Structure formats: C-alpha cells, structure tokens
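Trainee: Compute the structure for the input listed below.
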Amino acid sequence: MNLIIVESPTKSKTISKFLNEDYQILSSYGHIRDLPKAELGVDTEHGFKPRYVIPTKARKTVKQLKDAAKKAKLVILATDEDREGEAIAWHILKALSLDEKKYQRIVFHEITKGAIEKALKNPRKIDMDLVDAQQARRILDRLVGYELSPFLWKKVVKGLSAGRVQSVAVRLIIDKEREIQAFRPDEYWSIEANLSKKDQKDEFAARLIKQNDKAISKLGLKTKDQADKILEDLKEADYKVIDITRKEVQRHPTPPFTTSTLQQEAAKKFGYSSKQTMRIAQQLYEGLKLGKKGSTGLITYHRTDSLNLASESLTAVNKLILDKFGKEYGLDAPRFYKTKSKGAQEAHEAIRPTQVNIQPAEIEKYLDKRQYKIYNLIWQRFVACQMKPAVLDATTADIKAKNYLFRANGSIIKFDGFLKVYPTKLKENILPALTKNEILKLIKLISEQHFTQPPARYTEASLIKLLEEYGIGRPSTYAPIISTIQDRGYTVKNEQKRFVPTEMGFIVTDILKEHFSEIVDVKFTAYLEEDLDKIADKKKKWVTIIKEFYKPFHENLTKKYKEVEKKNLEEPTDKKCPKCGSPLVIKLGRFGKFYACTAFPECKHTAPIIIPTGVKCPKCQKGDLIERRTKRGKIFYSCSRYPKCEFALWDKPINETCPKCKSILVQTKSNKIKCSDKECDWEK
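Mentor: Reported below is the predicted structural model:
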C-alpha cells in the first residue's frame, strides 16, 4: 500500500474519494516541526542553522505517520504547491526519517480526480530552493522578532513585539494618519444647471466647466462671492446646445481573482476580513460535501498571485457561456491576463472554479451562507473574464449660456456583455434627445459649497492592495499581517472598518523609525522580499541573504541598548490605590491606558479606566453601562458589575427606551437610532 500525506484532514477526505484501496491518506495537520517557542532557535554563530522541534501537539500525529510510513511501499507527500507547502513536505520527510528512494513529492492546483491522477503520474523530489526560501523568511522573522521585541520591552513596556513585515504595515497606517492630522481643508464651489427641453418636464443636470473659453478647475471657484457673481451674470441667459458628441464606449471585465484581489473584493462586497476570506476559500479548495457526489474541491488553490488560466478551464468556460448566454456573449479566442504583482509565481493559476459547470445556484443548499457568497463571487468573476465587453452609448452635450459653457454627460448600456454575470456599479444616465442649436429651459441654477476631504484611512482591502503594489509580503502572508497588527494592539478598526493607529502604535513606530529605520522602510522590506524570491529561483543562497541582513542589524541593536533611554509612559492622577493608599498613575499598555499603583512591584493593583455612558444596565438595574474594549481594541458596552451581570452591547446605548417594546435604544455606527432587542424592528 502507498501512503499519501497531506496537511489537512478535509483535504485527505476529498482525495480519498478519487483513489482506490491501494492508497492510505493521512493528514499532518499542518506543520509538524518548527523553531522552538521559548528560545531563538537559530545558531547565529554557525551559519544561522535553525533548530527544529516537534511541538507537543504534533507528537501524536508524527507517531501515527511514522507507523504508517514503515508499512507503506511508498510515501507520497502531497502538501500544497507553494513554498509553505514545500517546507511542510520537507519537515515531514525529516521528522519521519524517510529514505530518499522511498518517497515522492506531488503537487496539484486543484483537488479533482483528473488533477490527482495527473500529479501521481508526474512525481518529483522536494524542491530545496523553495524550502530554503521559506526557511529564510522564517529565520529572518524569528531574528527580528526575538531580538527586537525584548528591546521594546526594556525601553517602552513589556509585552510589545516588532516584526519584519508587520512593523512596515503599521508604519504605512501611521504615515496616513499623520497626513490626515496635517490636512487643512480648502473651500470650493460648483455650479450646476438643471435643464429640460422646452416641451418636456424631465430634467437633466449640466455642470459649469468653462468661463470665457477658459476651463474652470475643480478648485477654480474658491468663494461664495465668486459663485454668486456667476449666478448674477447668468440671469436672463439663454441655454443653447452648441455641440453633441455620441460615441460607443466599451467596458472590459476585470481579471480572475488572485489572493489579494479576492480578499479586497470580499472586504468591499461582504465586509469580510482577509482572515475570514482565506478560511472560507480554504474550505472551498479542500472540498465540501455536495450530497451524493461526496466531497468535492470547488476552487483552485487560493494562495496565488498569478493570472494564468489552464487551457481546459478556458475551453469549459467558453462552452458554458455559449450554452447559457448565447454566442453574442462568447469570445472568438480566450482572453489572457498578465499580472502586475512583483515576484508573481507565473507557474501557478488564478483562483477559479475547478468545474465551471458546478453553478452556484445548483449547490447553494450544500453550502453555508459565507461559503456560497465566496464561491459565487469566484465563479462569476471567472466566467465574466471570458465574456465580451459591455458596450455603452455615451453622449456629451455642450450647452452655452452667455460666455459660460456647461456640459451634460449621459450613457446607456447598449449591450450588457460581462455585466450579465458580474454586475458593477455602472449606472445609466439618460439624456433626452437633444439637437444642435436647441434652446433649453432652465429649471434651476444651483451653486454648492464643498470642502476638500482628507486622505481616507486604509481598509483591509486598500492596505492589502498597497502592500501588494510595494511588493511587501506574498499571498500567504496578507491575512496574518492584518491579524497581527491588530492582535499586537498597534491598530484598531473604527466604525467604518478603517485602520486607526493606537497611541502605542505611534510610540513603537517612532522608535523604530528613529533607531531601526530599515525595519520600517518600505523599499528595504520590498528588497528583502525580492531576495527571498531569488532564493526560490536559484539565484541566491539563503545564508548569504540572512548574513547580509543580520550583521548590521545586530550591531545596531547592541549599540541602541546603550544609547536609548526608557520611555516614561506614566501620567500622574489625584487618585489613591484602594489596596495600599499609594498614588495611582495612568500607564499605557499594549491595549491602551489603565490605572496602576506607584508602589509596584510591592503592590500590583491595576484597574481599567472607566468611561461611563450615563445609562443604567437594563438587565440588573444595579450597574451602569460603561465603555470597554476587546483585546483587539474594538469598543463595546457592558454592565459595570461584570461578571455578576453579563449584559453587553456592540452599539452605544442611549438613555431612552423603545416605544414599541421598551428595550433600551442604541446608536449604531452609522448614527441610526434603533432598538437593542434583535427581535424588535423599531428604528428611528
């Protein structure tokens, strides 16, 4: 019997459906070896040799795999096809002490019968260049984390951490926040004419674009006086159509998904975090039970930065488009896409359905809501990318009034093309049938005040997009980066789900910028990522890259321990410690401010800083509802008598009761007032 080892039990179940009794399929449950938790685990004096250990939780699995391997004729390592998967396969090889002649390595981009059979016919050995690239990343991250974090404990506060990539992500968020803080709004005005044909009631809008044949820029009208003068000039003016331009415009579909674009689109459309999206995609990739069909892998591998598509998939999707939508929607030849992502692994494929004929509506009953949404999104995007463009009839009308020129734009969807499958926010704006030299009727002339807006804070989607553009991180790292910067207490998400740096985030980033500039330097981090790619491409040796980084880093760190003084993060208060009577101070910790006794370590009293809401707890009627924060910094409201009373709300309570059910009212993140009882639909 042959033994196939994969990293996931779900994956093993799906694969077992395609193979006969000649194969036993077991799971390693992810990594079975890693660097030790309690120590550096890297010999910096002797070629940065890592010391790998088998974690306690993996020991039972390793014994099971060893026993099975001894009985097997051949051990086939079938972990994922990226660097992480290659490294897992290598660790299995070492942990099981497999003979070189007794093992094979296979890879596949999708978990289907055809893909598994093809992989078994084309085995190879472990690619040590891919393994070394992953080892180098792991060792670099360990060196930075384990050596720089204690420096922060000593100079700022215990429990902080620094990371090679996470610190850059926090720096980007902080740089944006400082742009916002420095922003000063500019006033500007716009003028718009609401017009209609003389014999019709339907109105359309035209905006002022020129005065005396000179273009008026967006910020061209800076004051109300300027706008009012134009309104005065236009009194009694005739509005005459002087030019009409009609042209056909095409809108092309977006490429199939990569890891980054899937995370961005799921965040925009559904509000899913990158971590949630990856977890759901993992389930779809590894396989779900579809009734009598059993477990089926629904999408190709979801950690990819490639836009390639297999020729068989293009043939299948073209047939589906012709059969389902008609030949007017199909392409004469497949449409190919090229990635702009730095260091993209072009041997991989984009994310697509494994079988495009498995249409979302047909399997909805077998999936939970989130699985269905992500599968439907991937299916629609893939099908749309091989459909004809949408065609719009675009009309531009130039309208003269005295020495002023107004412009009206309209568009009508002439042919929906790919929009039939993948709708976008494209809206029609229908203009009436206008003719040159026609005099129009003015309904109303409107001047409106505006102010320039500060730069927008990053969402998960926009931050991931930026990291990808800079070449920081790779498909498998985006979700962990996003999670880490929140878990460490350096950023929180506000009500609009945008990243806001915490006070501790500012402090740590400023220290790193001043004393370890390369750690938070975007170009330096991107350069390191390129070096890791060069290891995988056989162009550089991993030890050389780590040595080039570590020597100056370690020398600087040793120097900074002596030079940098500890930050004083204490604020005096007029409060006394309830335990020993010593003065209390406000301290800044990883997750915000708190009260602490000045007699520490003799007295270890601490207390949260309570922010009252002025609302009595509706459950116990004894405590007050106060503002609290989760470990990730998310605000919620709960009873001050917790844990005796566990009443809690995500939305801010207000001191009013619902006129319908008498429950407490809350103010939502979008400033709506509604009932806190989920069973009640009252809303103001």
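Trainee: Report how many residues lie close to Gln263.
Mentor: Neighbourhood size, Gln263 [other CB atoms under 10 Å]: 29. Every residue, glycine included, has its C-beta placed from N, CA and C.
Trainee: Does it touch Ala461 like I think?
Mentor: Yes - assessed by CB atoms under 8 Å, Gln263 is found in contact with Ala461 at 7.0 Å.
Trainee: Please state the offset of stretch 554-562 from the chain centre?
Mentor: With CA atoms, centre = their mean, to the nearest Å as the basis, the distance from the averaged C-alpha position of stretch 554-562 to the chain average is 35 Å.
Trainee: Pull out the buried residues from it.
Mentor: For stretch 554-562, a neighbour-count test (16 or more other CB atoms under 10 Å) marks 556-557, 560 as buried.
Trainee: Out of the residues you listed, flag the one nearest to Arg59.
Mentor: Checking the buried residues of stretch 554-562 against Arg59 with CB to CB, the nearest one is Leu557 at 34.9 Å.
Trainee: okay, the closest one: pLDDT?
Mentor: Model confidence at Leu557, given as pLDDT, is 96.
Trainee: One more: Thr424?
Mentor: 88.
Trainee: again, but for Ile609
Mentor: Looking at Ile609, its pLDDT reads 85.
Trainee: got the contact list for it?
Mentor: With contacts defined as CB atoms under 8 Å, 6 or more residues apart in numbering, Ile609 is in contact with 586, 592-595.
Trainee: Glu563 too?
Mentor: Contacts of Glu563 (CB under 8 Å, 6+ apart): His515.
Trainee: quick one, helices of the stretch 201-350 of the chain?
Mentor: 224-233, 259-270, 274-286, 311-325 (DSSP state H, counting those that start in this stretch).
Trainee: need those in a markdown table with mean pLDDT and distance to Ala87, can you?
Mentor: As requested, the helices of the stretch 201-350 of the chain are arranged in a markdown table below (pLDDT from 0 to 100; distance: least, CB to CB, whole Å):
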| stretch | mean pLDDT | distance to Ala87 |
| --- | --- | --- |
| helix 224-233 | 97 | 64 |
| helix 259-270 | 95 | 18 |
| helix 274-286 | 96 | 18 |
| helix 311-325 | 96 | 28 |
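Trainee: closest one to Val53 among the ones you listed?
Mentor: Closest of these to Val53 is helix 274-286, at 26.0 Å (criterion: CB to CB).
Trainee: For this protein, give me the ranges with low pLDDT.
Mentor: Along the chain, the model assigns pLDDT under 70 to residues 341-347, 632-633, 670.
Trainee: mind checking the longest helix of it?
Mentor: Across the chain, the longest stretch assigned as helix under DSSP state H is helix 128-155.
Trainee: Now do that one: which elements does it pack against?
Mentor: Counting by 3 or more CB pairs under 8 Å, 6 or more residues apart in numbering; DSSP states H and E, the packing neighbours recorded for helix 128-155 are strand 42-43, strand 49-50, helix 83-95, helix 503-515, helix 522-536, helix 542-563.
Trainee: got the angle between the longest one and helix 522-536?
Mentor: Orientation note: helix 542-563 sits at an angle of 150 degrees relative to helix 522-536 (axes from the mean of the first three to the mean of the last three CA atoms, to 10 degrees).
Trainee: Among the helices of the stretch 201-350 of the chain, single out whichever gets nearest to Val131.
Mentor: Among these, helix 259-270 comes nearest to Val131, with 21.0 Å by CB to CB.
Trainee: and the closest one, which residues are buried?
Mentor: Of the residues in helix 259-270, those buried by neighbour count under the rule 16+ other CB under 10 Å are 259-267.
Trainee: With stretch 504-516 instead?
Mentor: Taking 16+ other CB under 10 Å as the basis for neighbour counts, the residues of stretch 504-516 that come out buried are 504-505, 507-509, 511-513, 515-516.
Trainee: returning to what we had before: could the buried residues of helix 259-270 go into a markdown table alongside distance to Gln667?
Mentor: Output for the buried residues of helix 259-270, formatted as a markdown table (distance: CB to CB, whole Å):
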| residue | distance to Gln667 |
| --- | --- |
| Thr259 | 37 |
| Ser260 | 35 |
| Thr261 | 35 |
| Leu262 | 34 |
| Gln263 | 31 |
| Gln264 | 30 |
| Glu265 | 30 |
| Ala266 | 28 |
| Ala267 | 25 |
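Trainee: what ranges do the strands span in the stretch 351-500 of the chain?
Mentor: Counting by DSSP state E, counting those that start in this stretch, one finds strands in the stretch 351-500 of the chain at the ranges 390-401, 404-415, 439-451, 491-493, 499-501.
Trainee: and of the ones you listed, who's closest to Gln667?
Mentor: Using CB to CB, the strands of the stretch 351-500 of the chain put strand 491-493 closest to Gln667, at 18.0 Å.
Trainee: Give the pairing partners of that closest one; include direction for each.
Mentor: Sheet neighbours of strand 491-493, with direction, are listed as strand 499-501 (antiparallel) (DSSP bridges).
Trainee: Show me which residues of the strand it pairs with are buried.
Mentor: Residues of strand 499-501 classed as buried by neighbour count (16+ other CB under 10 Å): 499-501.
Trainee: Check stretch 158-175 too.
Mentor: Of the residues in stretch 158-175, those buried under the neighbour-count criterion (16+ other CB under 10 Å) are 160-175.
Trainee: burial measure for the residue lying closest to Cys620 once chain neighbours are set aside, as a count.
Mentor: Here the nearest residue to Cys620 in space, its sequence neighbours aside, is Cys645; by CB to CB, 6 or more residues apart in numbering that works out to 4.2 Å. In terms of burial, Cys645 registers 16 neighbours under the definition other CB under 10 Å.
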